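**Student:** dropping the sequence and predicted coords here.
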Amino acid sequence: MSGMQRFLRLSAVEAEAAMKPRLVDGKWKQPLISGRKIAMVKKHATREGLMGTWEEGKGGWLETWDRPQKHHVMRPLKGHKNQRNEFERVKKVQAALAAMPTKIAEHKKAVKQAKPLKGLDKWLNEKDPY
């Protein structure tokens with residue numbers, strides 16, 4: 001006798017238990033009926049109009065046996081990194097622009113000091129002219 005014929009003879013409670021894995025001595029055992037065969041039973045019940053009922057020997061399908069539908073939470077799209085960080089980038093640029101006048105003044109001062117003295121400035125600033 002095949003597994004399907006044996007399955008069809010089960011009561012509704014036994015059929016539901018045969019479709020679920022069970023915990024035996026701390027180890028999970030596979031369901032008595034494979035997922036492929038469960039799908040066949042469900043398709044057969046749909047074709048024969050046995051949805052919502054279970055008749056021993058004939059089969060059928062109860063709505064409680066359906067797997068629960070997954071609930072998908074809609075999250076906002078991740079987007080591009082430059083779009084996500086736009087506000088921080090604008091704040092950073094504005095802070096840098098606020099500090100620019102002092103940086104420009106320091107740079108001009110450093111460039112002027114780095115140049116060698118020429119002409120009268122050189123002669124006046126010499127420590128030991130002779």
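**Tutor:** Received it, and whenever you're ready, just let me know what you need.

**Student:** all strands of the chain, in order?
**Tutor:** Taking DSSP state E, the strands of the chain run over residues 22-24, 27-29, 53-55, 59-61.

**Student:** within its sheet, name the partner strands of the first one and how each one runs.
**Tutor:** In this case it means strand 22-24. Sheet pairing of strand 22-24 (DSSP bridges) gives strand 27-29 (antiparallel).

**Student:** ok, and what's touching the strand it pairs with?
**Tutor:** With contact meaning CB atoms under 8 Å, 6 or more residues apart in numbering, strand 27-29 is reached by 21-23. Placement of C-beta: from N, CA and C, glycine included.

**Student:** can you get me a residue count around residue 22?
**Tutor:** The local packing count at residue 22 equals 12, with neighbours defined by other CB atoms under 10 Å.

**Student:** mind listing what it touches?
**Tutor:** If you count contacts by CB under 8 Å, 6+ apart, residue 22 has them with 28-29, 31.

**Student:** please repeat the previous calculation with a cut-off of 7 Å.
**Tutor:** Taking CB atoms under 7 Å, 6 or more residues apart in numbering as the contact definition, residue 22 lies against residue 29.

**Student:** output the longest helix belonging to the protein.
**Tutor:** Counting by DSSP state H, the longest helix found in the chain is helix 86-114.

**Student:** what helices or strands is it leaning on?
**Tutor:** In this structure, helix 86-114 makes packing contacts with no helix or strand, judged by 3 or more CB pairs under 7 Å, 6 or more residues apart in numbering; DSSP states H and E.

**Student:** let me see the mean pLDDT of it.
**Tutor:** Regarding helix 86-114, the rounded mean pLDDT is 96.

**Student:** residue 61 contacts residue 47, doesn't it?
**Tutor:** No. In terms of CB atoms under 7 Å, residue 61 does not count as a neighbour of residue 47; the distance is 10.8 Å.
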